[in-house]
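J.: Quick one, structure for this:
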Amino acid sequence: MATERKQIGKVILLGARLSFASLFEPNRQKQDDGSVRETWKSNFLFPKDGLDNCFAKFEGQKMPVLKAIKLASKQAKQKAWGENEDKWPKLKPNLLCWRDGDLENWDGYADHWYLSANAPLADRPKVITNRKGADDKWMDAQPGTKGAPYSGCYVNATIEIWAQDNEHGKRVNAKLKAVQFVKDGEAFGASATDPNEDFDDDDVSSEGSFADDDEDDDDMI
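T.: Numbering: from 1, shown residues only. All right, here's what the predicted structure looks like:
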């Protein structure tokens with residue numbers, strides 16, 4: 001019987017909060033040379049307070065997420081730079097896929113760690129719901145439908161951590177492989193409103209009129 005090849009750096013994140021999700025439409029980023037690079041990408045948030053209660057799976061074992069990330073990173077570095085840790089490059093925090101949310105000015109990132117993952121346009125990650133079909137397999141998620149992941153919900157995700165060492169520099173990256181919707185969360189950028197408080201009966205009356213004012217339109221925003 002053939003031995004199954006181990007996937008270096010593979011981690012399954014459990015119950016992470018999804019952010020900056022580009023799963024159905026690719027993210028478009030303008031490059032220094034004027035070209036546009038398209039990728040699939042997502043960030044995954046974990047609260048600093050209670051990080052030990054955030055979990056992942058690594059090589060079939062469930063463990064705290066940070067432990068899994070460290071073990072997978074070590075595998076990736078060994079593959080790229082050998083067994084001797086003293087010869088590994090010293091990388092700044094912005095060159096790692098595991099990052100400090102307090103250094104960002106983004107909604108929901110304060111007091112959190114986050115993992116940044118992406119995939120090339122030609123290798124779109126699998127996106128699924130938390131429901132199975134008649135074939136007992138997870139159902140593909142369709143954008144805008146129930147069970148489709150969105151920024152702010154909670155998900156499971158498969159990533160592969162790998163060490164980059166090429167003409168673009170040395171980094172430790174995470175490749176996005178799959179995302180599964182787990183449960184709803186408050187969508188990032190959404191603000192709650194009660195239309196019963198916002199609108200009066202007069203606002204829908206066809207008899208209403210608007211009085212002109214004397215202010216110059218040029219002074220209006």
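J.: packing partners for the biggest strand by length in the chain?
T.: What stands out as the longest strand in the chain, according to DSSP state E, is strand 10-30. Counting by 3 or more C-beta pairs under 8 Å, 6 or more residues apart in numbering; DSSP states H and E, the packing neighbours recorded for strand 10-30 are strand 36-47, strand 55-58, helix 65-81, strand 112-120, strand 154-166, strand 169-183. All C-beta atoms are positioned from the backbone trio N, CA, C, and that covers glycine.
J.: With just CA atoms, put the fifth one into CSV.
T.: Listed next in CSV are the C-alpha coordinates belonging to strand 154-166 (Å, rounded to 0.1, in the frame of the first residue of the first chain):
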residue,chain,number,x,y,z
TYR,A,154,-17.6,32.5,11.7
VAL,A,155,-15.9,29.8,9.6
ASN,A,156,-13.6,26.8,9.4
ALA,A,157,-10.8,27.1,7.0
THR,A,158,-8.0,25.0,5.5
ILE,A,159,-4.7,26.7,4.9
GLU,A,160,-1.2,25.7,4.0
ILE,A,161,1.7,27.6,5.5
TRP,A,162,4.7,27.9,3.3
ALA,A,163,8.0,29.7,3.3
GLN,A,164,8.7,32.0,0.4
ASP,A,165,12.3,32.5,-0.7
ASN,A,166,12.6,34.0,-4.2
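J.: Buried residues in that strand, which are they?
T.: Neighbour-count burial for strand 154-166, counted by 16 or more other C-beta atoms under 10 Å, picks out 154, 155, 156, 157, 158, 159, 160, 161, 162, 163.
J.: Please report how far the fifth one lies from residue 138.
T.: Note on residue 158: its distance to residue 138, by C-beta to C-beta, to the nearest Å, is 12 Å.
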